[in-house]
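> What follows is a predicted structure for the sequence shown.
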Amino acid sequence: MSSKDSDDKFLHLVKDTLKKDKQALVFVNTKQRAERTAEIIAESIKESNEHLEEVSAEIENVLARPTKQCKRLAKVVKKGVAFHHSGLMAKQREIVEDEFKKGNIKIICCTPTLAYGLNLPAFRVIIRDLKRYGYRGYAWIPTLEAQQMFGRAGRPEYDKEGEAICIANDEREAEEILERYINGEPEDIYSKLAVEPVFRTYLLSLISAGISRTEEDLVNFFSKTFWAYQFKDIGRIKFMIGGMLSKLKEWKFIEYKSESNSFTIAYDMDDGGIIKPTPLGRRVAELYLDPLTAHKILEGLETEKDKTEFSIINLCTNTLELRPYLRVKVREYDEIEERLIDFEDEILYDIPKPYDEEYDEFLNSFKTSLLFYDWINEFDEESLLEKYSVKPGELRAKLKILDWLLYSCHELAKLNGRKDLLNLINKTRLRVKYGVKEELLDLLRLKGIGRVKARKMFNNNIKTLSDVRRISEFELRKILGEKTAKNIKEQVTAKQRTKERL
DNA sequence: GGACGGTGAAACTTCAGGTTGCCTC
DNA sequence: GAAGTTTCACCGTCC
C-alpha cells in the first residue's frame, strides 16, 4: 500500500466514524504529526456550527497574544477536530477534553498523552503510528502502551462495544502487529524505587518524617517494597542504603546521634545509633526536592562569585527536576557556545570541559537557562517559542517547575544563613513568574495585568501604582481598553482605601 | 561578464510524556 | 522511518 493509499484509507475510516455519528481518538507519534493529521481531517470537513465557533474563539484567546499553535488549534476546532499534546496550554487541553466528552469535538489527534491517566473514552481508537523514535532509534512502541491505547475504545455509558484499529502499511507489518500487540504479552513492570534520585528522596523523607530512625529500620522498610521483592538481593540493598546515608550526612541533611545500638552499620562504621534529620534536611524533604539538587543549589550559593539573576536561574536549571532540557541543535552549537563565553562568570559551578561526557548535556541545560533569561527580559513570546522551538504549554510547564525550584532556593538560602541573597532570589522568582524586567514588577501587583499589558502601560509613562491613580480612566481606556481600565482603576482606589484605614 | 533570483534535488535534522513538591510576595 | 528544513548546484534573466 502506498502512503497516499494509506492516507486515503485512514481518512475514509475517520469519515466513517463521523457518518456513524461516533467519536474517535487518533494516536500518532509526534506533536507535529498530531497537528498535521488534525488539519488534514479538518480540511475534509465543510460544516461548522455556532457552538464550535465559540469554542474556537475561546481556544484562540487563551493567551494575551495568540501564538501560531493557538491559531492552528482554533482553526481545526471549528470543524469539530482537535489535536492534543503536551505543548498545548493547560486551559486549551481542558477545553478540548471537555468538548470531546460533551460530544462536540468528534476527533482528537494526539500523542500518547491521552492514553494515560485521563479517562477519555471514544467509540473508535485509531492507532496510526505503532513505531516511534526513542532511545533505541525508530522502534515499535511497548505492548503495554499500545494496549493502554486500545483500552480507550468503547464508552461504557454510550456504546455496547468499541473498536481499536491499528494501521499497517503492508501485509508483513499487519502480521507483526497481530503478533506483538494482539497476541503479545505486555512487558513486565519494574519498580522505580531503584532509580537513584527517587531512592535518595525516599530515604531522606523516611528519616525526616521519623518513620525510620536507624539503619535497621530503613533496611526493614525497603525490604518490604516491591523493589526488594523484584530485586531479591537484600545484601546489596543494605549496601546501597549505607552508601546513600553517608552522602546525605556529607551533605548535612542528616546526622547520627551516637547512642548505644547493637545494630552494626554496614557502610560507615564510625557512626552508629539514631539517625536524625538536620533542619536543612527536614526542609529538603518537605520541599520534595531531590537531595542532590538541594546540595548542588546550596553549594552554588556558597561560591565566592558575584551572583546575578542569571546565576540563580542557571543554578536552578542545572538540576534533574528541569529535565529534559531543551536540546542544542547542530546548527545552534556555535552560537550557544559563544553565549556561554558571555555568561561564564555568572555560572556558579564547574563547567564541564568540551571533551567531557557531560558537556553536551550541560550545554542543553545552559540553553534552557537562556530561554528563561530571554523570558525575563521580555522577549516576545511568539519569537521566543520560535527561537527555542518550544511550544507554549511546554514553556509554561518548565516555568512552573523553575518557580518551585526558585522558591526552594529561597528557603535553602534562608536556612543556610544567606540572608544577603534572599532579595535577589525573590526578585528573580517574581521576574520568572511574570516574564518581565524589574521595572514592571510594581504594575504587576494589579490583577488582570500581565507582561504584555504592563509593558504597554510602562511605555505610555504609567510606571507605578500612583501613576495609575493619577491618570484618568478615560486616558487609561485608550491604552488598555474599557474593561481592564475600569478594573484596575477600581483596584487602585480599593488599595488606597485599605491604606487609609490603616 | 556578473549579479540576482527561482527551482528542485540532495543532504541533513529531528522526533512522547511526566504527579506532586511550596506559598500568595 | 518520515516529514520538515537547509543547502547547493544549476539555469535563465536582466543590467
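Everything's here; your move.
> ok, and for whichever strand or helix holds residue A:479, which residues are buried?
Under the criterion of DSSP states H and E, residue A:479 resides in helix A:473-480. Buried residues in helix A:473-480, counted by 16 or more other C-beta atoms under 10 Å: A:476, A:479, A:480. The way it works is simple: take the backbone N, C-alpha and C, and place the C-beta from them, glycine included.
> Can you get me a residue count around residue A:41?
25 (other C-beta atoms under 10 Å).
> so who does residue A:288 touch?
A:201, A:205 (C-beta atoms under 8 Å, 6 or more residues apart in numbering).
> what packs against the helix holding residue A:479?
helix A:451-459, helix A:482-501 (3 or more C-beta pairs under 8 Å, 6 or more residues apart in numbering; DSSP states H and E).
> So what touches the shortest one?
This means helix A:451-459. Contacts for helix A:451-459 (C-beta under 8 Å, 6+ apart): A:64-65, A:378, A:434-436, A:439-440, A:443-444, A:449, A:463, A:468, A:479-480, A:484.
> what about the residue in chain A that DNA strand B sits nearest to, how many neighbours?
Residue nearest to DNA strand B within chain A: residue A:329 (2.5 Å; C-beta to the nearest atom of the strand). Burial of residue A:329 is recorded as 12 neighbouring residues (other C-beta under 10 Å).
> ok, it to DNA strand C distance?
With distances taken as C-beta to the nearest atom of the strand, to the nearest Å, residue A:329 is found 9 Å from DNA strand C.
> Which of the contacts of helix A:451-459 are buried? Put it as a PyMOL command.
To isolate the buried members of the contacts of helix A:451-459 in PyMOL, using 16+ other C-beta under 10 Å:
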select buried, chain A and resi 378+434+435+436+440+443+444+449+463+468+479+480+484
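> Beta-bridge partners for the residue of the stretch 1-150 of chain A found nearest DNA strand C, please?
With C-beta to the nearest atom of the strand, the shortest gap between the stretch 1-150 of chain A and DNA strand C falls at residue A:138, namely 4.3 Å. Bridge pairing for residue A:138 (DSSP bridges) gives the partners residue A:133.
> The lengthiest helix in chain A vs DNA strand B: in contact?
In chain A, with assignment by DSSP state H, the single longest helix is helix A:392-415. Yes - counting by C-beta under 7 Å from any atom of the strand, DNA strand B is contacted by helix A:392-415 at A:397, A:400, A:401, A:403, A:404, A:407.
> Same list as before, these that is, but in a markdown table and with neighbour count, distance to residue A:18 and pLDDT included.
Below are those laid out as a markdown table (neighbours: other C-beta atoms under 10 Å; distance: C-beta to C-beta, whole Å; pLDDT from 0 to 100):
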| residue | neighbour count | distance to residue A:18 | pLDDT |
| --- | --- | --- | --- |
| A:397 | 16 | 33 | 93 |
| A:400 | 13 | 37 | 94 |
| A:401 | 16 | 39 | 94 |
| A:403 | 15 | 42 | 95 |
| A:404 | 16 | 43 | 94 |
| A:407 | 15 | 48 | 95 |
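> And the contacts of the helix or strand harbouring residue A:313?
Element membership for residue A:313, per DSSP H and E: helix A:309-317. Helix A:309-317 is contacted by residues A:296-297, A:300-301, A:305, A:322, A:325, A:343, A:346-349, A:365-366, A:368-369, A:372-373, A:376, A:402, A:405-406, A:409, A:424-425, A:427-428, A:431-432 when judged by C-beta under 8 Å, 6+ apart.
> picking up where we left off before, turn the residues of helix A:392-415 next to DNA strand B into a markdown table, columns for distance to DNA strand C.
Formatted as a markdown table, those follow (distance: C-beta to the nearest atom of the strand, whole Å):
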| residue | distance to DNA strand C |
| --- | --- |
| A:397 | 23 |
| A:400 | 28 |
| A:401 | 28 |
| A:403 | 31 |
| A:404 | 33 |
| A:407 | 37 |
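> between the residues you listed, which is nearest residue A:201?
Nearest to residue A:201 among the residues of helix A:392-415 next to DNA strand B is residue A:404, at 14.4 Å by C-beta to C-beta.
> picking that back up, which single one of the contacts of helix A:451-459 is nearest to residue A:10?
residue A:65 (34.5 Å).
> if I pick the closest one, what's in contact with it?
Counting by C-beta under 8 Å, 6+ apart, residue A:65 has contacts A:380, A:381, A:382, A:452.
> So which of these belong to helices?
A:381, A:382, A:452.
> In the strand or helix carrying residue A:427, which residues are buried?
For residue A:427, the host element (DSSP H and E) is helix A:422-434. With burial defined by 16+ other C-beta under 10 Å, the residues of helix A:422-434 counted as buried are A:424, A:425, A:428, A:429, A:430, A:431, A:432, A:433, A:434.
> farthest pair in those residues?
Across the buried residues of helix A:422-434 (C-beta to C-beta), the longest gap, 16.6 Å, separates A:424 and A:434.
> Run a quick check on residue A:430 versus residue A:441, I expect a contact.
Yes - using C-beta atoms under 8 Å as the test, residue A:430 is close enough to residue A:441 to be in contact (5.7 Å).
> does the helix holding residue A:427 come close to DNA strand B?
Yes - shown here: helix A:422-434 in contact with DNA strand B (C-beta under 7 Å from any atom of the strand) through A:426, A:429, A:433.
> how distant is that helix from the center of its chain?
When distances are taken as C-alpha atoms, centre = their mean, to the nearest Å, helix A:422-434 is centred 20 Å away from the chain's centroid.
> buried stuff in the longest helix of chain A?
Per 16+ other C-beta under 10 Å, helix A:392-415 contains these buried residues: A:392-399, A:401-402, A:404-406, A:408-413, A:415.
> could you measure the residue in the stretch 301-450 of chain A positioned nearest to DNA strand C against residue A:488, distance?
With C-beta to the nearest atom of the strand as the measure, residue A:331 is the residue of the stretch 301-450 of chain A nearest to DNA strand C, at 6.7 Å. The gap separating residue A:331 from residue A:488 is 44 Å, by C-beta to C-beta, to the nearest Å.
> same deal with residue A:16?
53 Å.
> Comparing the two, which shows the higher neighbour count?
residue A:488 (23 against 12).
> ok so, going back, how many other residues sit next to the residue of the stretch 301-450 of chain A closest to DNA strand C?
Residue A:331 has 7 neighbours, counted by other C-beta under 10 Å.
> Tell me how many other residues surround residue A:208.
20.
> check contacts around it.
A:277, A:281, A:282, A:284, A:285, A:286.
> where does it land on pLDDT?
pLDDT, residue A:208: 93.
> What sits closest to it if chain neighbours are left out?
Take residue A:208 and drop its neighbours on the chain: the residue closest to it by C-beta to C-beta, 6 or more residues apart in numbering is residue A:285, 3.6 Å away.
> need the contact list for the residue lying closest to residue A:445 once chain neighbours are set aside.
Nearest residue to residue A:445 in three dimensions, chain neighbours excluded: residue A:465, at 6.9 Å (C-beta to C-beta, 6+ apart). Each residue near residue A:465 by C-beta under 8 Å, 6+ apart is listed here: A:442, A:443, A:445, A:446, A:492, A:495.
> Just the buried ones from these, in PyMOL syntax?
With 16+ other C-beta under 10 Å as the burial test, the buried ones among the contacts of residue A:465 are selected in PyMOL as follows:
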select buried, chain A and resi 442+443+446+492
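> right, and out of the contacts of residue A:465, which lies closest to residue A:166?
Distances from residue A:166 to these, taken by C-beta to C-beta, are shortest for residue A:446, at 53.0 Å.
> Please report phi then psi for the closest one.
phi -80, psi 140 (degrees, to the nearest 10).
> who touches it in this structure?
A:465, A:468, A:488, A:491, A:492.
> So which of those residues is the closest to residue A:133?
Nearest member of the contacts of residue A:446 to residue A:133, counting by C-beta to C-beta, is residue A:488, at 48.0 Å.
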